[in-house]
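Asker: Give me the fold of what follows.
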Amino acid sequence: MSAPGRPLLALLLLAAASPAGARSPPGARGGEPAGAGPATTLDAARFDREALRRYARGRVQAGRYADALEAYQRILDLDPGDADALSHAAQLHAWTGDYDRSIVLYRDAIARRPRELGLQSDLADVLTWAKRLEEAERLYEAVLKSDPRHHEALKGLARARLLQGDLDGAAGVLDRALKLYPGDVDLYRAQARLLSQKGDLDGAVASLQRAVLLAPDDPEVRRHLAETYQRKKDWPRAVEAWLKVSRLAPDQPAAHVALARAYLAMGKRALAEEHAALAARLSPNDPAVHELAADMRRQAGLAPARSFADWFEVLAYLALLPVVLLTARRLRRSLRQRPAASTFIWWVVPAFILLNVASHFAKGWIDARVDAQVVESITEVALFLGLFVAFLALLRSGPPEREFAGQVVLALGAHPDDIELGCAGFLLKLKASGARVFGLTFTRGEKGTDGGPREEEARRAAAFMGLDGYWVLDFPDTGLADRVPDLKASIEARIGELGATLVLTHSDVDVHGDHRAVHAATREAARSVPTVLCYEDVSTGNQFTPDLYVDISRTIDDHLRACAFHRTQDHRSYMDPQVIQGRAAHRGLQIGASFALAFRALRLVR
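Answerer: Predicted coordinates for the structure are as follows:
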């Protein structure tokens, strides 16, 4: 049909589900794009066919199909033979699932335009969706008889034959289509699906690898490749493919769920737990996340020594025991003066080591003879005893308080991605050190996108970083230079409300005018704040001379993930994860760390 972007792969899965959603109509549901709305109302245009067409097109772009159908019906009331209105109305009925009405209207349109092969191919599509596969196949073949190179008819015929179980017939059509259209990603994905159904997983991988070459940034192609590797049980390549999916779609938990399962299959439970935790963090209510957690709990109850990693753990425990005892012997004079510590190192630690080793080898025997709950209760008692002794030892040693406990941090940014790019790694470190951290963005970044949800991206990034509060104001993008007094008032109000002790803001040597305006407003508004730091942004000039560096080697991964939430900015070179990581590595090199962020202090209270 005439709607762009019709993935053939999705249409191959229509045998068991309603296909109307597989062919996405243009436009964003839930809102009308700027400039796409009609200039007139339906009533005002009721006797003007061209105005009605414009109105209908606008309603389609806004996802309001009922209104568009009403407009096309009025055109047909004025001229029942209007083939254009017939075809568009038929298309809308198909999208909304009314296949019978769509078929009738398409046949009326074809009667008026019998030589228009596109209408016949579209009708065949609807027949396929309505599960009238034999009729659809005959119609596709009729179109191809007139035009053997008809792109959509070739796709449709392959689809119809697949749904009828004619894999050989579908394979022949796909081979012919790929010779004519070797750059069609959907054809390779369909070929991979067909080969998978035949059991030729190597051939499916080869097809998907060609699709990846054509669309390297398409997460669905990568996802299909990862799933095929999993079917082959080629776990290392499956992990590599899922990692690429997770980078392309960082806010989706499905890739992390799949990674956790792949790592479990490889016996790498620690990595599996890491990705399971990340999936739960991204989507705590996702049923797939809960199912993964349940499966991991069940696997934890099985005999654990089943992989190289598990045997390594047993050997590590056995090696640790003599180390602990030798250390206790060397410290015996000091331990005599600290009975609690002596008990802990001589008895509790060795007991736990031996208990872990024994549990690896005797789990099957224990489960067969003793109630598992009894064993669990004994283990819990021993655990709490050990923790209690350790707690007493910690009290005696007087542990220091967390470095930033009691501090209140306010990070300022002109646009939705500025805070993440400039100081996400530092904010994560501050949170881990006990500080309360807040963020304030002044614009929605509307000039830097084609209508994408920048504010929502920023809120998801803030939630990922664990900020205690985050606000997005409605100042005009690229217009902050004229609003410095208002910016100052907003900053002063937020500082007063939070009691901020540390403010992070833009630099005065930034190329972007909005960034300089935020800096100027901060200088005035944050006079009473003990520490004010200017962070380095992607548009900070060469005149920026940092006098403070923060080591973010332990938070670099989450720093990159926070930046990756801004998918609407992926087309910008500075959002490339390698560019962001390279800048942090450069600053890290200056202080002898792996990764760092650079700041310039307006005021600094140590």
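Asker: what about the helices in the stretch 501-606 of the chain?
Answerer: Under the criterion DSSP state H, counting those that start in this stretch, the stretch 501-606 of the chain carries helices at the ranges 513-525, 556-564, 577-591.
Asker: Reduced to three states, what does A89 come out as?
Answerer: Assigned with DSSP: H, G, I helix; E, B strand; the rest coil, A89 falls in the helix class.
Asker: Give the burial count for the spatially closest residue to it that is not a sequence neighbour, as a bare number.
Answerer: Across the structure, with Cβ to Cβ, 6 or more residues apart in numbering as the measure, the residue nearest A89 apart from its sequence neighbours is Y72 (4.1 Å). Where C-beta positions appear, they are placed from N, C-alpha and C, glycine not excepted. Using other Cβ atoms under 10 Å, Y72 has 27 neighbouring residues.
Asker: start at 34 instead
Answerer: Yes, from this point I'll number from 34; that puts the last item at Y105.
Asker: Look up the pLDDT of Y105 for me, please.
Answerer: Reading off the per-residue confidence, Y105 sits at a pLDDT of 88.
Asker: helix/strand/coil for it?
Answerer: With three-state DSSP as the criterion, Y105 reads helix.
Asker: domains in the chain, as residue ranges please.
Answerer: Structural domains annotated on the chain: 41-264, 265-333, 341-430, 441-636, as defined by automatic domain parsing.
Asker: What separation is there between E174 and A287?
Answerer: Separation of E174 from A287 (Cβ to Cβ, to the nearest Å) stands at 38 Å.
Asker: Look at the two and report which has more neighbours.
Answerer: Using other Cβ under 10 Å, the more surrounded residue of E174 and A287 is A287, with 19 against 14.
Asker: For the more buried one, which non-adjacent residue is closest in space?
Answerer: With Cβ to Cβ, 6+ apart, the residue lying closest to A287 is A321, at 6.7 Å.
Asker: now swap in E174 and tell me
Answerer: Using Cβ to Cβ, 6+ apart and skipping the chain neighbours, the partner closest in space to E174 is L190 (6.7 Å).
Asker: Show me what the helix or strand the one you found falls within is packed against.
Answerer: Here L190 sits within helix 184-196, counting by DSSP states H and E. The contact analysis (3 or more Cβ pairs under 8 Å, 6 or more residues apart in numbering; DSSP states H and E) places helix 184-196 against helix 41-45, helix 150-162, helix 166-179, helix 200-213, helix 218-231.
Asker: Pull out the buried positions in it.
Answerer: Of all the residues in helix 184-196, those buried under the rule 16 or more other Cβ atoms under 10 Å are 185-196.
Asker: Repeat that for stretch 349-364.
Answerer: Within stretch 349-364, the residues that qualify as buried are 350, 361, counting by 16+ other Cβ under 10 Å.
Asker: Please apply the same query to stretch 575-589.
Answerer: Buried residues in stretch 575-589 (16+ other Cβ under 10 Å): 577, 579, 582-585, 588-589.
Asker: Where is pLDDT lowest across those residues?
Answerer: When these are compared on pLDDT, T588 comes out lowest, with 89.
Asker: how close does that residue get to A595?
Answerer: For T588, the distance to A595 equals 9 Å [Cβ to Cβ].
Asker: Out of the buried residues of stretch 575-589, which two sit at the greatest distance?
Answerer: F577 and T588 (21.8 Å; Cβ to Cβ).
Asker: What's the separation between Y262 and G472?
Answerer: When Cβ to Cβ is applied, the distance between Y262 and G472 equals 39 Å.
Asker: Could you check which of those two is surrounded by more residues?
Answerer: With other Cβ under 10 Å as the criterion, Y262 and G472 differ in neighbour count, and G472 comes out ahead with 27 against 23.
Asker: Tell me what that one is bridged to.
Answerer: In this structure, G472 has beta-bridge partners A444, Y503, where bridges are defined by DSSP bridges.
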